[in-house]
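[1] starting from these lines, generate the structure:
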Amino acid sequence: MKKIWLALEALQKGKELSNPAVWKKSALRVSLLAAFLLTLVELSRSLGYETGLNEDRVIVISSAVAFIFDAFVHVASSKKIGMSSGVTPDPEDGSSTNDT
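    Numbers count the residues shown, from 1 in each chain. As a prediction, the model looks like this:
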């Protein structure tokens with residue numbers, strides 16, 4: 001639960017993940033992996049192996065994973081953008097405090 005609060009804290013304006021370059025490279029790799037997944041499913045189908053996934057499902061799943069991870073990294077690796085709220089997560093006990 002503590003890791004979830006820390007990830008949410010990184011989304012706040014003025015905060016960022018440590019080593020943003022590594023996170024941005026990871027986002028690029030996730031996007032490339034999503035595209036590779038579609039290629040792999042199509043290749044296996046052309047070789048006669050049935051994966052149980054149709055092209056639409058693979059596109060939706062891989063696009064969703066890539067989009068969500070990329071959006072998180074984009075916001076969490078920059079101090080200039082982010083969500084601002086009056087509530088700050090407290091990673092110690094899982095509660096939150098009001099900053100207003």
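[2] any idea of the mean pLDDT for the top helix by length along the chain?
    The helix spanning the most residues in the chain, taking DSSP state H as the definition, is helix 20-46. In this model, helix 20-46 carries a mean pLDDT of 84.
[3] and it, what does it pack onto?
    For helix 20-46, the packing partners by 3 or more CB pairs under 8 Å, 6 or more residues apart in numbering; DSSP states H and E come out as helix 55-76. For every residue, glycine as well, the C-beta is placed using N, CA and C.
[4] helices and strands around the helix it packs on, which ones?
    If contacts are counted by 3+ CB pairs under 8 Å, 6+ apart, helix 55-76 sits against helix 2-10, helix 20-46.
[5] switch the ones you listed over to TSV; also include distance to Ser62 and mean neighbour count.
    Shown next, in TSV, are these (distance: least, CB to CB, whole Å; neighbours: other CB atoms under 10 Å):
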stretch	distance to Ser62	mean neighbour count
helix 2-10	22	14
helix 20-46	3	14
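[6] for Ile68, which of those helices is the nearest?
    Nearest to Ile68 among the helices and strands packed on helix 55-76 is helix 20-46 (9.3 Å), distances taken as CB to CB.
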